[in-house]
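> Predicted structure and sequence below. I'll ask about it afterward.
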Amino acid sequence: MTYTGEVEVGGPADVQVAGDLMITKVAVGEMNNNAYLLRCVLTGEQVLIDAAAEYETLLPLIGVDGLARVITTHRHGDHWQALPTIVERTGAETVAGEDDADALPVPVDTRVRTGARVRVGSCELEVIEVVGHTPGSIVLAYDDPDGIVHLFTGDSLFPGGVGKTWAPEDFTTLIGEVEAKIFGRFDDDAHVYPGHGGDTTLGAERPHLAQWRERGW
């Protein structure tokens, strides 16, 4: 089966292999959140991005090989409903952005800022703080051996726009951060895995940046 990135709650996961990283995407919860299980194909080590909901769905995906760590992209509750149970059942290390860590329902073992690296076996994710949706939102970047960058953006960037903000100054901050730290750095073939909905690429979204800034959301 060809990976599409289109998943729905109650439906099957979608799986692809990017270099040495297997990416399993599944939709969970009332707000159709995406959770991403990353597995190093060389070592078998696994990391979960956003234990959003439905631990009964996530635990079978994790399986008997266990979970090394779980990364939470930001503080909003729809992205961590299953976090306490996942941590209790797996003993996984918890990772989150420094400025959102205190808002999570479990102690955060590793608080990260821009430039930090999070291991997935022989692979690594680079942490990029992208402020605006929340004070401590993070994006995770994996650069595969073929030169394609994979960006797990939480609620900071989606197909069609940046994440929701609640004040004009927050929108201005967020779109500035996304333009500088994401579009200003990575090529058009970079693949975007958002916190809700389907995937996209920077190339598909780049022509619309001026429109997003003009409309204000």
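Structure's in. What do you need? Numbers count the residues shown, from 1 in each chain.

> Let me know the pLDDT of the residue most central in space within the chain.
In the chain, the residue lying closest to the centroid (CA atoms, centre = their mean) is residue 152, at 3.5 Å. If you check residue 152, the pLDDT there is 99.

> For it, name its beta-bridge partners.
residue 140, residue 193 (DSSP bridges).

> these two touch, right, it and residue 37?
No: with contact defined as CB atoms under 8 Å, residue 152 does not reach residue 37; the gap is 11.5 Å. For the C-beta atoms, the positions are set from N, CA and C on the backbone; glycine is no exception.

> Between these two, which contacts overlap?
Shared contacts of residue 152 and residue 37 (CB atoms under 8 Å, 6 or more residues apart in numbering): residue 49.

> Please name the nearest non-neighbouring residue to residue 179.
residue 209 (6.2 Å; CB to CB, 6 or more residues apart in numbering).

> Can you get me a residue count around the one you found?
Neighbourhood size, residue 209 [other CB atoms under 10 Å]: 15.

> Could you verify that it is part of a strand?
No: counting by DSSP: H, G, I helix; E, B strand; the rest coil, residue 209 is not found in a strand; it is helix.

> residues touching it, list them.
Applying CB under 8 Å, 6+ apart, we find residue 209 in contact with 175, 179, 183.

> Show me which of the residues you listed are buried.
For these, a burial check counting by 16 or more other CB atoms under 10 Å picks out 175, 179, 183.

> Pull out the buried positions in the longest helix seen in the chain.
For the chain, the longest helix by residue count, based on DSSP state H, is helix 168-178. Residues of helix 168-178 classed as buried: 170-171, 173-175, 177-178 (neighbour count, 16+ other CB under 10 Å).
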